[in-house]
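Asks: Below is the sequence, then the predicted model.
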Amino acid sequence: MAKSKKKKEVVFLVCQETGDRNYTLLKKPGTPKLELSKYSRRLRKHTKHLEKKK
């Protein structure tokens, strides 16, 4: 029998300061949550972004 493949899930990167969903990613399930420094268009600077699901 063939192995069942785990599908990638869609996650959003949400700005901590404004709450905007600025980026979307495809991620393997079971990996730790992301916390990245990304650019926020509203604030025009780099801020911390956390991973959130739908």
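Replies: It's in.
Asks: any weak-confidence spans in this protein?
Replies: 1-2, 4 (pLDDT under 70).
Asks: got the residue ranges for the strands in this protein?
Replies: Counting by DSSP state E, the chain has strands at residues 9-15, 21-27, 35-40, 45-52.
Asks: what residues does the second one touch?
Replies: Taking Cβ atoms under 8 Å, 6 or more residues apart in numbering as the criterion, the residues outside strand 21-27 that touch it are 8-15, 34, 38-41, 49, 51-52. Every residue, glycine included, has its C-beta placed from N, CA and C.
Asks: Please report which of those residues has the highest neighbour count.
Replies: H49 (23 neighbours; other Cβ atoms under 10 Å).
Asks: now it, nearest residue through space, not along the chain?
Replies: L13 (4.1 Å; Cβ to Cβ, 6 or more residues apart in numbering).
Asks: returning to what we had before: using a markdown table, lay out the strands of the chain together with distance to K3.
Replies: What follows is these, written out as a markdown table (distance: least, Cβ to Cβ, whole Å):
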| stretch | distance to K3 |
| --- | --- |
| strand 9-15 | 18 |
| strand 21-27 | 20 |
| strand 35-40 | 31 |
| strand 45-52 | 27 |
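Asks: returning to that earlier point: can you spell out which residues form a bridge with the residue nearest to H49?
Replies: Y23, E51 (DSSP bridges).
Asks: Cross-check the contact I'm expecting between C15 and H49.
Replies: Yes - contact criterion Cβ atoms under 8 Å: C15 and H49 qualify, at 5.6 Å.
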